[in-house]
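Engineer: sequence-free structure coming up:
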């Protein structure tokens, strides 16, 4: 695949994903703007606000939040999180996992975060 063809297909896929994401976020969000963007569960939680978790793909684990896949190109974790944040209507928690994260320990941590949100929301 030539560079121009790859770039064109990447842009096209990006636009389609952005449209789908925008439709999804508008359908689940009653407000227009997101409230805050976090990299972990915040210490102060407002029971009147909504919280959404964004979990990136395996390729992003580690120091580089923008790794490059040889076939699919750059994974734009920061830009994806920012786009979700800007089109949301909720607080976004977009945690960047470290390399070799233990899946069970990570799932346990996320479950604790969710339980805390539920407890505060009553």
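Structural biologist: Perfect, thanks for sending it. The structure presented is a predicted model; accordingly, all values stated were derived computationally and were not measured.
Engineer: show the residue spans covered by the strands in the protein.
Structural biologist: Defined through DSSP state E, the strands belonging to the chain, from first to last, are 37-38, 51-54, 68-69, 73-74, 91-94.
Engineer: which of the ones you listed sits closest to residue 102?
Structural biologist: Nearest of the strands of the chain to residue 102, taken as Cβ to Cβ: strand 51-54 at 17.9 Å. Bear in mind the C-beta positions are built from the backbone N, C-alpha and C, glycine included.
Engineer: tell me what that closest one is packed against?
Structural biologist: Packing partners of strand 51-54 (3 or more Cβ pairs under 8 Å, 6 or more residues apart in numbering; DSSP states H and E): helix 77-87, strand 91-94, helix 103-121.
Engineer: lowest-scoring secondary structure element of the protein by mean pLDDT?
Structural biologist: Taking mean pLDDT, DSSP states H and E as the measure, the chain has helix 3-28 as its least confident helix or strand, at a mean of 50.
Engineer: related to what we said a few turns ago, okay, the strands of the chain, which one's buried deepest?
Structural biologist: Per-residue neighbour counts averaged over each of the strands of the chain give the maximum for strand 91-94, namely a mean of 21 (mean count of other Cβ atoms under 10 Å).
Engineer: any idea of the mean pLDDT for it?
Structural biologist: Per-residue pLDDT values across strand 91-94 average out to 95.
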